[in-house]
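Peer 1: Predicted model, plus sequence, below.
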Amino acid sequence: MLSALSNVLKITELRQKIVFTLIMFLVFRAGTHIPVPGVNAAAIEQLFTSGNLFGLMDLISGGALSKFSVFAMSITPYINASIIMQLLTVVVPKLEQWSKEGEEGRKKITQIIRYGTVLLGFIQAIGMAFGLRSALLNQSIGSMLLIALTLTAGTTFLMWLGEQITDKGIGNGISLIIFAGIVSRLPDGLMVMYKYLSAGTVNIFNIVLFFIIAVAMIVFVIAIQQGQRKIPVQYAKRVVGRKMYGGHTSHIPLKVNQAGVIPIIFASSVLMFPVTMAQFINVSWVKTLAEWFAWGTALNTILYALLIIFFTYFYTAVTLNISDMAENMKKYGGFIPGLRPGKPTADYLDRVMTRITLAGAIFLALIAIMPNLIVWVTNIQGIYFGGTALLIVVGVALDTMKQIESLILMRHYQGFMK
């Protein structure tokens, strides 16, 4: 590992990319401490518990939301705009055509995502300013509009910051901003553990058990994230002019967790919506409904797991076009040994994808409900570990290491992975 790190420092270009990325991290963290004008920060912070949607958003924003800083919405509107665009690409022919046009098509889609981010960000900021109006020092329309514009500007700046990291730094900038926000909460979690230990609430055995479970979960997530089913593909020989093409063997990698972290985000949003709305609607039956769906209850946990499995299948079916995959294979003279090209190949790939998606869906459900199990086993509360945060951190870390690895190997150095 030390030799690999020394190889990184030897490459001037890579060293500059890493330094630039770290500087952008500092800018992001500094922005999380710049408050939005006209807000009672103490009143805002009381709303952010682990039992509502704001708790998840605060985790992704690195604590900026509970402080109600200019980066309070983090990069969430950009993620929503990207997901919406990805889903629209499947059903809108023009967008599907752009997605197949290479670099020019991607630029057009990226531009639409940017405009969508600003629009969704402004709508979300208006909703937050209105929903949290009890914590505003001035509840006039002008004050709410100023807060909405400030929050939208903060999200737009973060979107630009992420693009700068992607262009001039290392890794995917948007993902790294989310990664930095989640990792920045680690010292707070360690401090909570220390306070529990000092007060005698937990003992050293609980702490050691927590870290053992945490390491086991990380290993489990890495194994599943890297897991894939390789479908062998044989390409027939073709003669084009005087040259012969094909005749080689390849494979189609079908990932176990094809949907990534999206199903957990969808399921969390659906289940936490009643709890969050109950904070602003003073009606008895709404309060009762919120108690049923409270975080950690049996009903909430069961529905959470079932919704994650459903959204895993839904998102995989929407984003992975098995028919196009089989058609492209047929067009280039490829076939799976023992299967005819066309519909038989598509049916086989669909069966395989359905089976491995079940494993991926169960994996996501287990990871998502793991925080509840950790609290029950270790009796350590107030520390969020698992679910969305763990998947994002591990996924971004693996992708960034692969990019660094490829840059190192291009310079004929030995990389991190063996």
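Peer 2: Yes, it's here.
Peer 1: for the chain, what helix or strand is lowest in average pLDDT?
Peer 2: When each helix and strand of the chain is scored by mean pLDDT, DSSP states H and E, helix 53-60 comes last, with a mean of 58.
Peer 1: who touches F122 in this structure?
Peer 2: The neighbours of F122, taking C-beta atoms under 8 Å, 6 or more residues apart in numbering as the test, are 148-149, 152. C-beta coordinates here come from the backbone N, C-alpha and C atoms, glycine included.
Peer 1: Any figure for the gap between it and W160?
Peer 2: Per C-beta to C-beta, to the nearest Å, F122 is found 16 Å from W160.
Peer 1: again, but for A223
Peer 2: When A223 is compared with W160 (using C-beta to C-beta), they lie 36 Å apart.
Peer 1: now the helices for the stretch 151-300 of the chain?
Peer 2: For the stretch 151-300 of the chain, applying DSSP state H, counting those that start in this stretch gives helices covering 173-183, 186-199, 204-226, 262-278, 284-292, 298-319.
Peer 1: can you give me the offset of the last one from its chain's centre?
Peer 2: Yep, that's helix 298-319 we're talking about. 16 Å (C-alpha atoms, centre = their mean, to the nearest Å).
Peer 1: elements contacting it?
Peer 2: helix 76-91, helix 262-278, helix 343-378 (3 or more C-beta pairs under 8 Å, 6 or more residues apart in numbering; DSSP states H and E).
Peer 1: Run through the chain and note the low-pLDDT ranges.
Peer 2: 1-9, 41-66, 237-248, 273-283, 286, 296, 379-387, 411-418 (pLDDT under 70).
Peer 1: Make sure G342 is actually in contact with N328.
Peer 2: No: with contact defined as C-beta atoms under 8 Å, G342 does not count as touching N328 (11.7 Å).
Peer 1: more crowded one of those two?
Peer 2: Ranked by neighbour count (other C-beta atoms under 10 Å), G342 and N328 place G342 first, with 14 against 11.
Peer 1: Quick check: phi and psi on the more buried one?
Peer 2: phi 100, psi -130 (degrees, to the nearest 10).
Peer 1: residues near the closest residue to it other than its chain neighbours, how many?
Peer 2: Closest residue to G342 apart from its sequence neighbours, by C-beta to C-beta, 6 or more residues apart in numbering: K330 at 5.8 Å. Residues within reach of K330, counting by other C-beta under 10 Å, total 16.
Peer 1: Next: K17.
Peer 2: 20.
Peer 1: tell me which element it falls in.
Peer 2: helix 12-31 (DSSP states H and E).
Peer 1: report the angle between the axes of that helix and helix 173-183?
Peer 2: Counting by axes from the mean of the first three to the mean of the last three C-alpha atoms, to 10 degrees, helix 12-31 points 60 degrees away from the direction of helix 173-183.
Peer 1: Is N257 in contact with I222, as I believe?
Peer 2: No: counting by C-beta under 8 Å, N257 stays clear of I222, with 11.2 Å between them.
Peer 1: Give me the more crowded residue out of the two.
Peer 2: Comparing N257 with I222 by other C-beta under 10 Å, the one with more neighbours is N257, at 25 against 14.
Peer 1: Quick check: the more buried one vs T357, distance?
Peer 2: Taken as C-beta to C-beta, the span from N257 to T357 is 9 Å.
Peer 1: what does E104 give?
Peer 2: Counting by C-beta to C-beta - E104 and T357 are separated by 33 Å.
Peer 1: what's the neighbour count on the closest residue to L197 other than its chain neighbours?
Peer 2: Using C-beta to C-beta, 6+ apart and skipping residues adjacent in sequence, the residue nearest L197 is I207, 6.3 Å away. By the measure other C-beta under 10 Å, the count of residues near I207 is 16.
Peer 1: next one: A326
Peer 2: 25.
Peer 1: so what's it up against?
Peer 2: Counted by C-beta under 8 Å, 6+ apart, A326 has contacts 341-343, 345-346, 349.
Peer 1: and the gap between it and F122?
Peer 2: Distance from A326 to F122, by C-beta to C-beta: 42 Å.
Peer 1: still on that earlier bit, quick one, which of E104 and T357 is more surrounded?
Peer 2: T357 (23 against 8).
Peer 1: Look up how far M24 lies from the residue nearest to that one when sequence neighbours are not counted.
Peer 2: Distances taken as C-beta to C-beta, 6+ apart place T316 nearest to T357, at 5.2 Å, with adjacent residues excluded. Using C-beta to C-beta, T316 is found at 33 Å from M24.
Peer 1: now swap in F363 and tell me
Peer 2: Taken as C-beta to C-beta, the span from F363 to M24 is 32 Å.
Peer 1: Also F335?
Peer 2: Taken as C-beta to C-beta, the span from F335 to M24 is 47 Å.
Peer 1: Tally up the residues packed near Y78, please.
Peer 2: So Y78, with other C-beta under 10 Å, has 26 neighbours.
Peer 1: I figured V377 hits F205, correct?
Peer 2: No: between V377 and F205 there is no contact under C-beta under 8 Å: 11.1 Å.
Peer 1: Q139 should be in a helix, yeah?
Peer 2: No: counting by DSSP: H, G, I helix; E, B strand; the rest coil, one finds Q139 to be coil, located in no helix.
Peer 1: can you tell me which residues contact M144?
Peer 2: Contacts of M144 (C-beta under 8 Å, 6+ apart): 126, 129-130, 133, 136.
Peer 1: Output these as JSON lines; include the columns secondary structure.
Peer 2: As requested, these are exported to JSON lines (three-state DSSP):
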{"residue": "I126", "secondary structure": "helix"}
{"residue": "A129", "secondary structure": "helix"}
{"residue": "F130", "secondary structure": "helix"}
{"residue": "R133", "secondary structure": "helix"}
{"residue": "L136", "secondary structure": "strand"}
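Peer 1: Go through those residues and give me the one with the most neighbours.
Peer 2: A129 leads the contacts of M144 on contacts (other C-beta under 10 Å) with 25 neighbours.
Peer 1: residues contacting it?
Peer 2: Per C-beta under 8 Å, 6+ apart, neighbours of A129: 136, 144-145, 147-148, 151.
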